[in-house]
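**Student:** Coordinates for the following, if possible.
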Amino acid sequence: MEKMIDDLRSIININSVCEKDLSSAYPFGEGVHMALNKALEICKSYGFETKNCENMIGYAEVGSGETLMGILVHLDVVPAGDGWDTDPFSLEIKDGKVYGRGVTDDKGPAIAVIHAIKELLDEGVTFNKRVRIIFGQAEETGAWEDMEYYKKNEEAVDFGFTPDADFPAIYGEKGIAHLKIAFKKSDTCFNNVSGGTAINMVPDSCTASYSVHGETKTLSVTGKAAHGSTPEDGENAISKLMNELSGVVTDCKLVEFFHEFIKLEYNGESLGGQVSDEASGPASYNIGKIETVGDDIVLYIDLRYPVTFNLEDIVNAINSHLSENGFSDVKVEVITNKPHVYMDKNGAVIQTLLSAYRDETGDMSEPTVIGGGTYARAMNGIVAFGPMLPGRELTEHQANEYIYLSDLILAKEIYKTAIKRLVSE
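**Tutor:** The predicted structure is shown next:
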């Protein structure tokens, strides 16, 4: 256990927020590059064959045979944000909890997988298939140029999992779209407004300079960060700021827009985009970021939509609703869209993963569908699997991100059992 914690500390202590510049020697930033090299160094020391693929992605492999099992992890993290009680880039263990940015998303699970395989190797388990841990560097940005590079230049995996979600197992992921709405600054009361650091995070701060009755004033509001897929777990600082200004300012189209269509909601009801299905539940809308861009103020939304719905239909419904209610010049535009993932929950891979989880925990929970987005979308045959146990507080993308040390050790044991079964069949 001590060695696993030492390895985790060495990689948590690297600030690996993605800073994308695909033309540079370090396409995703020097910090992410350092994290990749550290992960490959750790794996090589345990007997893995490793490869750095032109600094775009890397992998570590063990085993033999024609069949290739992939385990997709990522080493980039979201910005730390404010409100930490510890240094986010210095691992700390306190009261049975391991703190640091990435301990759950996704450096902790990556290290757990490495050590699960290391223990199998130490025990002399025969790998009848090759197992390749693929280290992504740009998962949190949403564009996934790392995985696109891999698919174009490296061997395709036959099946596998990504330890970047929840136990017991995930057989579906909602669609994920990033949307934007631009307002002419001249139609608002704002001189400048800024809030949020990533669209897929609930913003924990927002600051605006605005004019009222001929005076220029400044307002700053704090909220609570959370993952963009669970906006109900946070307090959206952008929405709170707009709510505070409602009734204070006049002739401000952006504030009016929030008052009429956003409020403090995250289900899209007032926006005209509320949808739901039995398989995956309701859509969620996170107002993730707002910024001043030239003569515009641009609002960015992270939408997680149910697996039986089409994004185009949802966006058209919203735009029609806006037009019918006095905002015909305001249009929702799609920036990116990752369609949903939906697999047979009775398939062989999911059932093998599920059996490993059940045997290690005694919990007979069924596989689920989530609103989060993982590398399961990046390649065929990949399933999201752990590391979070049912009922645990979700702290990824928040201040004071943590995982119970006992949970991390249990996750390693679950992965060990699952990998052994998958490579021995």
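**Student:** pLDDT (mean, whole number) over stretch 71-83?
**Tutor:** Stretch 71-83 shows a mean pLDDT of 95.
**Student:** Quick one: the helices in the stretch 201-350 of the chain, in order.
**Tutor:** Along the stretch 201-350 of the chain, the segments classed as helices by DSSP state H, counting those that start in this stretch run 237-245, 253-257, 311-324, 348-361.
**Student:** Now mean pLDDT, mean neighbour count and distance to residue 195 too, for those, in a markdown table please.
**Tutor:** For every residue, glycine as well, the C-beta is placed using N, CA and C. Converted to a markdown table, those look like this (pLDDT from 0 to 100; neighbours: other CB atoms under 10 Å; distance: least, CB to CB, whole Å):
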| stretch | mean pLDDT | mean neighbour count | distance to residue 195 |
| --- | --- | --- | --- |
| helix 237-245 | 97 | 22 | 4 |
| helix 253-257 | 96 | 21 | 12 |
| helix 311-324 | 98 | 17 | 21 |
| helix 348-361 | 97 | 19 | 39 |
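**Student:** wait, which of those helices is closest to residue 73?
**Tutor:** Residue 73 sits nearest to helix 348-361 of all the helices of the stretch 201-350 of the chain, at 15.6 Å, using CB to CB.
**Student:** about what we covered before: how about a markdown table for the helices of the stretch 201-350 of the chain, with distance to residue 282 added?
**Tutor:** Output for these, formatted as a markdown table (distance: least, CB to CB, whole Å):
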| stretch | distance to residue 282 |
| --- | --- |
| helix 237-245 | 18 |
| helix 253-257 | 22 |
| helix 311-324 | 12 |
| helix 348-361 | 24 |
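**Student:** right, and the ones you listed - which one's nearest residue 42?
**Tutor:** For residue 42, the closest of the helices of the stretch 201-350 of the chain is helix 348-361, at 23.5 Å, according to CB to CB.
**Student:** The closest one: what's the following helix or strand?
**Tutor:** Downstream of helix 348-361, the first helix or strand assigned by DSSP states H and E is strand 368-370.
**Student:** who's in contact with the next helix or strand after that following strand?
**Tutor:** Moving toward the C-terminus from strand 368-370, the next helix or strand (DSSP H and E) is strand 382-384. The set of residues external to strand 382-384 that reach it, using CB atoms under 8 Å, 6 or more residues apart in numbering, is 70, 72, 157, 159-166, 169-171, 173, 343, 349-350, 353, 370, 372, 374-376.
**Student:** Can you tell me the strand partners of the helix or strand of the chain with the lowest mean pLDDT and which way each runs?
**Tutor:** When each helix and strand of the chain is scored by mean pLDDT, DSSP states H and E, strand 341-342 comes last, with a mean of 88. Looking at strand 341-342 with DSSP bridges, its partner strands are strand 170-173 (antiparallel).
**Student:** avg pLDDT for the partner strand?
**Tutor:** Here strand 170-173 scores 93 as its mean pLDDT.
**Student:** and that strand, how far from the chain's centre?
**Tutor:** In terms of CA atoms, centre = their mean, to the nearest Å, the centre of strand 170-173 is found 14 Å from the chain centre.
**Student:** what does stretch 327-340 give?
**Tutor:** 20 Å.
**Student:** From the recorded domain assignment, give the ranges for this structure.
**Tutor:** Here the domain parsing of the chain from automatic domain parsing is 2-173+341-424, 175-338.
**Student:** what about the longest helix seen in the chain, average pLDDT?
**Tutor:** Counting residues, the longest helix found in the chain (DSSP state H) is helix 405-424. Taken as a whole, helix 405-424 carries a mean pLDDT of 98.
**Student:** Count the residues that sit near residue 168.
**Tutor:** Burial measure for residue 168: 23 neighbouring residues, criterion other CB atoms under 10 Å.
**Student:** could you say which helix or strand contains it?
**Tutor:** Using DSSP H and E, no helix or strand contains residue 168.
**Student:** my read: it touches residue 362, true?
**Tutor:** No: judged on CB atoms under 8 Å, residue 168 makes no contact with residue 362 at a distance of 11.4 Å.
**Student:** Out of the helices of the stretch 201-350 of the chain, which is closest to residue 39?
**Tutor:** helix 348-361 (22.7 Å).
**Student:** And that closest one, how far out from the chain middle?
**Tutor:** 24 Å.
**Student:** the inter-axis angle of it versus helix 405-424?
**Tutor:** 140 degrees (axes from the mean of the first three to the mean of the last three CA atoms, to 10 degrees).
**Student:** Show me what helix 348-361 is in contact with.
**Tutor:** Outside helix 348-361, the residues within contact range by CB under 8 Å, 6+ apart are 159-161, 167-169, 171, 343-344, 363-364, 367, 381, 383, 385-386, 389, 410, 413-415, 417-418, 421-422, 425.
**Student:** From those residues, keep the buried residues only.
**Tutor:** 159-161, 167-169, 171, 343, 367, 381, 383, 385-386, 389, 410, 413-415, 417-418, 422 (16 or more other CB atoms under 10 Å).
**Student:** and the longest helix of the chain, how far from the chain's centre?
**Tutor:** That offset, for helix 405-424, works out to 22 Å (CA atoms, centre = their mean).
**Student:** now stretch 180-189
**Tutor:** Its chain's C-alpha centre and that of stretch 180-189 lie 29 Å apart, by CA atoms, centre = their mean.
**Student:** List the buried residues in it.
**Tutor:** For stretch 180-189, burial by neighbour count (16+ other CB under 10 Å) applies to 180-183, 185, 187-189.
**Student:** what do you get for stretch 129-145?
**Tutor:** The neighbour-count check on stretch 129-145 (16+ other CB under 10 Å) flags 129-142, 144-145 as buried.
**Student:** now swap in stretch 56-65 and tell me
**Tutor:** For stretch 56-65, using 16+ other CB under 10 Å, the buried residues are 56-63.
**Student:** For those, name the two members farthest from one another.
**Tutor:** 56 and 63 (23.7 Å).
**Student:** Understood, closing this out.
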